[in-house]
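J.: coords below, sequence missing:
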């Protein structure tokens, strides 16, 4: 896999009057925490629930560290530090209770940055290229394999693409909100089928029996 980027032309000219190009990283989405936890778990012996608990506790450590006037390190990856903002009166004094943490900066360590740079591979995307997220790629591939009216379950979706339970649930919820699929609740089970108009898109629950 590669770091994807596009080429852009600067809106400003340099000292020589030249309009220079620059490249910008193109992300498709923010990795969800379930995926982060799963990838860490796959890379070591710690289970996903323990990873989630540690990350939740680390938020407390960051808050306490800032309160004690300390930047907070994350192993040897780098440090977190707060960026502050406030409102001032006409005499240049800070107005009481106007102080806020504007954002939290993460400053990578030299060793971490060197390691990431060493492993990085790059891919140039055309200006008209459509970048699909992992969710879009896997869900579209599965939906393309279905016939109109064919009914499927979370289990069918999860194990056809080989993902964990929570990722499958999140995907199906997204697809339902996007009106790509319809959901039907029967007793304690939820069934899905492609969304569309016409009789051919009516749920064919008999297709489930064929799969079982």
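T.: Noted; the coordinates are in hand. Worth saying up front: this structure is predicted, and the values here are computed from it rather than measured. Residues are numbered from 1 along each chain as shown.
J.: and the longest strand along the chain, which strands flank it?
T.: Among all segments of the chain classified by DSSP state E, the strand with the greatest residue count is strand 3-13. Strand pairing for strand 3-13, using DSSP bridges, gives strand 19-25 (antiparallel), strand 122-124 (parallel).
J.: So which residues of the protein form helices?
T.: For the chain, the helices defined by DSSP state H occupy 33-43, 48-67, 110-119, 134-144, 154-161, 165-177, 206-211.
J.: hang on, the earlier thing: and the strands paired with strand 3-13 as a markdown table, adding distance to residue 7, mean pLDDT and mean neighbour count?
T.: C-betas here are computed from N, CA, C, even on glycine. What follows is these, written out as a markdown table (distance: least, C-beta to C-beta, whole Å; pLDDT from 0 to 100; neighbours: other C-beta atoms under 10 Å):
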| stretch | distance to residue 7 | mean pLDDT | mean neighbour count |
| --- | --- | --- | --- |
| strand 19-25 | 5 | 80 | 10 |
| strand 122-124 | 7 | 86 | 11 |
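J.: and of the ones you listed, who's closest to residue 115?
T.: strand 122-124 (16.3 Å; C-beta to C-beta).
J.: still on that earlier bit, so what touches the longest strand of the chain?
T.: Residues outside strand 3-13 that contact it (C-beta atoms under 8 Å, 6 or more residues apart in numbering): 19-26, 120-127, 129, 131.
J.: where among the helices of the chain is the average confidence lowest?
T.: Within those, confidence is poorest for helix 206-211, with a mean of 62 (mean pLDDT).
J.: Roughly how far does the residue of the chain positioned farthest from its centre sit from residue 100?
T.: What lies farthest from the middle of the chain is residue 91; by C-alpha atoms, centre = their mean that is 44.8 Å. Residue 91 is 20 Å from residue 100, where distance means C-beta to C-beta, to the nearest Å.
J.: repeat for residue 60
T.: Separation of residue 60 from residue 100 (C-beta to C-beta): 20 Å.
J.: again, but for residue 71
T.: From residue 71 to residue 100 the distance is 18 Å (C-beta to C-beta).
J.: just to revisit the earlier point, how about the longest strand of the chain: buried residues?
T.: Neighbour counts over strand 3-13 (16 or more other C-beta atoms under 10 Å) mark residue 6 as buried.
J.: Just list whatever residues bridge to residue 23.
T.: residue 7.
J.: Provide a list of residues in contact with it.
T.: Neighbouring residues of residue 23 by C-beta under 8 Å, 6+ apart: 5, 6, 7, 8, 124.
J.: what about 10 Å?
T.: Listed by C-beta atoms under 10 Å, 6 or more residues apart in numbering, the contact set of residue 23 reads 3, 5, 6, 7, 8, 122, 124, 125.
J.: Can you name the residues bridging to the first one?
T.: Per DSSP bridges, residues listed as beta-bridge partners of residue 3: residue 122.
J.: And it, how far from residue 114?
T.: 16 Å.
J.: How about the second one?
T.: Counting by C-beta to C-beta, the gap between residue 5 and residue 114 amounts to 20 Å.
J.: Ok, the fifth one next?
T.: As judged by C-beta to C-beta, residue 8 and residue 114 stand 27 Å apart.
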